[in-house]
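Chemist: predicted model follows, preceded by the sequence.
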Amino acid sequence: GDSVTQMEGPVTLSEEAFLTINCTYTATGYPSLFWYVQYPGEGLQLLLKATKADDKGSNKGFEATYRKETTSFHLEKGSVQVSDSAVYFCAPRSGGSYIPTFGRGTSLIVHP
Amino acid sequence: NAGVTQTPKFQVLKTGQSMTLQCAQDMNHNSMYWYRQDPGMGLRLIYYSASEGTTDKGEVPNGYNVSRLNKREFSLRLESAAPSQTSVYFCASSPTDQETQYFGPGTRLLVL
């Protein structure tokens, strides 16, 4: 089955710092790739997605590029804010399946 | 629209007790899902319903049953709760099984 590896957290940054959260995956076929975010006390919500190789998903200043050759989908943001403090989940979804596989999540803590 | 709603928000059970977690969505989605979230484990799929009238097992179905009552509602039942079922439970829905999932706020369950 599919699997996903995310960097361990927590990631602790100062406001306006650059963020990278690494994600690599194994999946069959040509997966779609997703990043979900979970703010404290809430359910997950979609942050961004990419459905084919070299696509770049973006939302709220976050970006991730679908790298088929390295099977990676790293999340980046140029300048984080305190309000970005949350847990981020990488989730590939194989072409033959309609259920995404969620990574373990990476906690991000942004200090003022 | 309320989106995906879950009740209760929090519940404490004794080992062996039973309970039903309720989930409803008002987005006219066809597909619905139940996940559990445990520290360091990410989200694991318990059961899903691709469409009204169908249900299928996910990764961790043992100890649970589900009912797709109608298009709006998808309940999760624990017949005889065990401490290993202490977790946060999330319900999600999607327009079809190929599309982005929308999550509820979660139910925190403690089994003593």
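Modeler: Received the coordinates, thanks. Numbers count the residues shown, from 1 in each chain, chains lettered A, B, ... in the order given.
Chemist: contacts, neighbours, all on C-alpha from now
Modeler: Will do.
Chemist: what's the local residue count around B:Glu59?
Modeler: Other residues within reach of B:Glu59 by the criterion other Cα atoms under 10 Å in any protein chain shown amount to 10.
Chemist: in which helix or strand does the closest residue to it other than its chain neighbours reside?
Modeler: Using Cα to Cα, 6 or more residues apart in numbering or on different chains and skipping residues adjacent in sequence, the residue nearest B:Glu59 is B:Leu45, 5.3 Å away. Using DSSP states H and E, the element containing B:Leu45 is strand B:42-49.
Chemist: what strands line up against that strand, and which way round?
Modeler: The strands beside strand B:42-49 in its sheet (DSSP bridges) come out as strand B:31-38 (antiparallel), strand B:56-57 (antiparallel).
Chemist: could you list the low-pLDDT ranges of the chain?
Modeler: Chain wasn't specified; assuming chain A. Applying pLDDT under 70 to chain A picks out residues A:95-98.
Chemist: wait, chain B
Modeler: Along chain B, segments meeting pLDDT under 70 span B:97-98.
Chemist: residues touching the residue in it that chain A sits nearest to, list them.
Modeler: Of all residues in chain B, B:Gly42 sits closest to chain A, at 3.7 Å by Cα to the nearest Cα. Applying Cα atoms under 8 Å, 6 or more residues apart in numbering or on different chains, we find B:Gly42 in contact with A:89, A:102-105.
Chemist: greatest separation within these: which pair is it?
Modeler: Maximum pairwise distance among those (Cα to Cα): 7.8 Å, between A:Phe102 and A:Gly105.
Chemist: mutual contacts of those two, please.
Modeler: With Cα under 8 Å, 6+ apart, A:Phe102 and A:Gly105 have common neighbours A:89-90, B:42.
Chemist: what about residue 39, how many residues nearby?
Modeler: If you meant another chain, say so; for now it's chain A. 15.
Chemist: please refer instead to chain B.
Modeler: Residues near B:Pro39, counting by other Cα under 10 Å, number 10.
Chemist: tally of neighbours for the residue in chain A that chain B sits nearest to?
Modeler: Residue of chain A nearest chain B, by Cα to the nearest Cα: A:Arg104 (3.7 Å). Using other Cα under 10 Å, A:Arg104 is surrounded by 25 other residues.
Chemist: lovely, talk soon.
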